[in-house]
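Visitor: need a structure here:
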Amino acid sequence: MDPDADYTTYVRARWDSLVRSAVLLGCSPTEAEDIVQTTLARCYSGWAKVQSADVPDAYVYRTLVNCLAKSRRRRWLAETPTERLPDRSVEDPADAVAERASVLAALSALTESQRAVVVLRYYADLSERQVADALGIPAGTVKSRLSRGLEQLGKDLGDADADEARRGSPC
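Guide: Predicted structure coming up:
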């Protein structure tokens, strides 16, 4: 298959998930789209390397985390979001907004490293090994950050929501 076609297929399949992951990592929706676009541009230039990785998704998510970290180091952001993207269809918009706000608030209370581990493990559905590879840290560190992060989420969200998070329910 044509490498451009492979890349296009990958982007179409993963775009929404990558954008939501970036939002859960602390970006605004418009900033998340910019970060994902930068991530995918970097991956496109080395697409053969991405495809040859043991777990291409882990490679892309690591690039996403790196792009986000780099954007946070900038002193000035040239773009300021002016619009809010509407959420996808939901059953009760008021409940969804309240739940989303509480989850985002609880995630923002975590340290950046804990938030990255929790989002990649439970939202992006990467294994502990894949999260470790994506973040360039040992698997034991993933486990300890995950444990501390889930404990903090349990305190902030209440035990019922934390149990749901442990089962891998997306936000």
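
Visitor: secondary structure element holding the residue positioned nearest the centre of the chain?
Guide: In the chain, the residue lying closest to the centroid (CA atoms, centre = their mean) is residue 21, at 2.4 Å. Residue 21 belongs to helix 3-24 when elements are defined using DSSP states H and E.

Visitor: same question for that helix, mean pLDDT?
Guide: In this model, helix 3-24 has an average pLDDT of 91.

Visitor: how about it: buried residues?
Guide: Residues of helix 3-24 classed as buried by neighbour count (16 or more other CB atoms under 10 Å): 7, 10, 11, 14, 17, 18, 19, 20, 21, 22, 23, 24. Placement of C-beta: from N, CA and C, glycine included.

Visitor: looking at these, which is nearest residue 72?
Guide: Checking these against residue 72 with CB to CB, the nearest one is residue 22 at 11.9 Å.

Visitor: do you know how far the nearest residue to the closest one once chain neighbours are set aside is from residue 137?
Guide: Of all residues not flanking residue 22 in the chain, residue 32 sits nearest, at 3.5 Å (CB to CB, 6 or more residues apart in numbering). Note on residue 32: its distance to residue 137, by CB to CB, to the nearest Å, is 23 Å.

Visitor: of these two, which one has the most company?
Guide: Each of residue 32 and residue 137 has its neighbours counted (other CB atoms under 10 Å); residue 32 has more, 23 against 15.

Visitor: re earlier: TSV for the buried residues of helix 3-24, including distance to residue 56?
Guide: What follows is the buried residues of helix 3-24, written out as TSV (distance: CB to CB, whole Å):
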residue	distance to residue 56
7	11
10	8
11	12
14	10
17	13
18	12
19	18
20	18
21	15
22	18
23	22
24	20
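
Visitor: and which of those residues is nearest residue 57?
Guide: Distance to residue 57, by CB to CB, is smallest for residue 14 among the buried residues of helix 3-24, at 7.4 Å.

Visitor: measure that closest one to residue 54 for me?
Guide: 17 Å.

Visitor: give me the average confidence score over the helix or strand harbouring residue 152.
Guide: Per DSSP H and E: residue 152 is located in helix 139-157. The pLDDT scores in helix 139-157 average 92.

Visitor: and what of stretch 124-132?
Guide: pLDDT averaged over stretch 124-132 gives 92.

Visitor: residues contacting the closest residue to the residue nearest to the centre of the chain other than its chain neighbours?
Guide: Nearest non-adjacent residue to residue 21, counting by CB to CB, 6+ apart: residue 124, 5.2 Å away. Neighbour list for residue 124: 17, 21, 57, 61 [criterion: CB atoms under 8 Å, 6 or more residues apart in numbering].
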